[in-house]
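> The sequence isn't on hand, but the structure is:
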């Protein structure tokens, strides 16, 4: 729409689109409003809309992902959660244990990562594990502990939702819902989470392309939830030295294709403690909007992912290094 377009003009165009069978998504930018029309383009002649009052131009979005495309939404999306933000000049660090094990464990780690500068506390309550005999999380009790720790240390919280039945429980206890790599293409789950007005951290699948990641985000956004944070957490390749191969190039590529913020998870991306810090530094230098890092005060006794968890002193030192890199590229932590 033109910069001078009135609400009456915008509403008239939206109603015309809906009469033609389109689903309309309205985005209000700094200078102008954009109406995203999702539907069968063969049913209309775009010239019918170019002549309507207030219309600046009509653009066909050729990418299969529409709402997550930068063509549709040229301005960068910023997702704000309490004191944390993703997509602006701030690089937000998510930190905490892989899984919530006990009140003492979680509160000890939360205090350490908060003091080091982390803005979001992570902790799994429902853990998808390769082996059915591995620790699966504390469930509801774990979520209650995570909520209490977030309130105690004034941090936003994030935890993974694995199935539709868990959504209501997580909505009541955490600030950000995480869709894990194994569920990136669980379209039923994506549709249900897309109905919420709550931030979502969407992790790239282990063998997913960048386009498939953006299509998964499209499921969330088509339901009306535009608060989506993408996460590069490593993909499975023929290299087996590290747990996964952290695709650093996915960060600038995704930022060119999409307006959604993207963070990196060097913990899952490498699976090796001494490789987390260098990959975290590389991700920030490549333009990541944030990081997700696993930290544990006693990783040798951790019930999950101890080998890739940083000690608190290592995390604190890394945060100081990241601040220097952030400053060099015009951002801050």
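Received it, and whenever you're ready, just let me know what you need. Keep in mind it's a predicted model, so treat the numbers as computed, not measured. Numbering: from 1, shown residues only.

> neighbouring contacts of the helix or strand residue 147 falls within?
For residue 147, the enclosing helix or strand under DSSP states H and E is helix 140-153. Residues lying outside helix 140-153 but in contact with it, judged by CB atoms under 8 Å, 6 or more residues apart in numbering, are 99-100, 102-103, 106-107, 110-111, 114, 121, 123-126, 138, 155-157, 159, 169-170, 173-175. C-beta: built from backbone N, CA, C; applies to glycine.

> In PyMOL, how would I select the buried members of these?
Applying 16 or more other CB atoms under 10 Å to the contacts of helix 140-153 leaves a buried subset, and the PyMOL line that selects it is:
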select buried, resi 99+100+106+110+114+121+123+124+125+126+138+155+156+157+159+169+170+173+174+175
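
> Out of the contacts of helix 140-153, which sit inside helices?
103, 106-107, 110-111, 114, 169-170 (DSSP state H).

> Let's have these in TSV, adding distance to residue 263.
Formatted as TSV, the entries for the ones in helices among the contacts of helix 140-153 read as follows, by distance: CB to CB, whole Å:
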residue	distance to residue 263
103	28
106	22
107	24
110	19
111	23
114	18
169	24
170	19
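
> Just give me the closest of those to residue 11.
Relative to residue 11, the closest of the ones in helices among the contacts of helix 140-153 is residue 170; by CB to CB it sits at 35.6 Å.

> Give me the pLDDT for the nearest residue to the closest one once chain neighbours are set aside.
Residue nearest to residue 170 in three dimensions, not counting chain neighbours: residue 161, with 4.9 Å by CB to CB, 6 or more residues apart in numbering. Reported pLDDT at residue 161 in the predicted model: 96.

> can you check residue 260 too?
Residue 260 is assigned a pLDDT of 98 by the prediction.

> Look up the pLDDT of residue 265 for me, please.
You'll see residue 265 listed with a pLDDT of 98.

> Just give me the neighbour total for it.
Neighbourhood size, residue 265 [other CB atoms under 10 Å]: 30.

> Check whether it really touches residue 280, as I assumed.
No - distance between residue 265 and residue 280: 9.4 Å, which falls outside the contact criterion (CB atoms under 8 Å).

> Pull up the overlap in contacts between the two.
Counting by CB under 8 Å, 6+ apart, the contacts common to residue 265 and residue 280 are 291, 293.

> How about the helix ranked longest in the chain, which residues are buried there?
For the chain, the helix reaching the highest residue count under DSSP H is reported as helix 312-328. Of the residues in helix 312-328, 312, 314-316, 318-319, 322-323, 325-326 count as buried by neighbour count, 16+ other CB under 10 Å.

> so which of the ones in helices among the contacts of helix 140-153 comes closest to residue 84?
Distances from the ones in helices among the contacts of helix 140-153 to residue 84 were compared by CB to CB; the smallest belongs to residue 114, at 12.0 Å.

> what's the closest of the buried residues of helix 312-328 to residue 21?
In terms of CB to CB, no member of the buried residues of helix 312-328 lies closer to residue 21 than residue 326, at 46.4 Å.

> Now do the contacts for the closest one.
Residue 326 makes contact with 91, 284, 332-333, according to CB under 8 Å, 6+ apart.

> ok, which stretches of the stretch 151-300 of the chain are strands?
Secondary structure of the stretch 151-300 of the chain, counting by DSSP state E, counting those that start in this stretch: strands at 156-160, 176-179, 200-203, 228-232, 262-264, 290-294.

> Now distance to residue 270 too, for those, in JSON lines please.
Rendered in JSON lines, the data for these read as follows (distance: least, CB to CB, whole Å):
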{"stretch": "strand 156-160", "distance to residue 270": "19"}
{"stretch": "strand 176-179", "distance to residue 270": "19"}
{"stretch": "strand 200-203", "distance to residue 270": "15"}
{"stretch": "strand 228-232", "distance to residue 270": "12"}
{"stretch": "strand 262-264", "distance to residue 270": "11"}
{"stretch": "strand 290-294", "distance to residue 270": "11"}
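
> what's the closest of those strands to residue 61?
Counting by CB to CB, residue 61 lies closest to strand 228-232 out of those; the figure is 17.3 Å.

> What strands flank that closest one, and is each parallel or antiparallel?
Under the criterion DSSP bridges, strand 228-232 sits next to strand 200-203 (parallel), strand 262-264 (parallel) in its sheet.

> relative to strand 290-294, how tilted is it?
60 degrees (axes from the mean of the first three to the mean of the last three CA atoms, to 10 degrees).

> Please consider this matter closed, and thank you.
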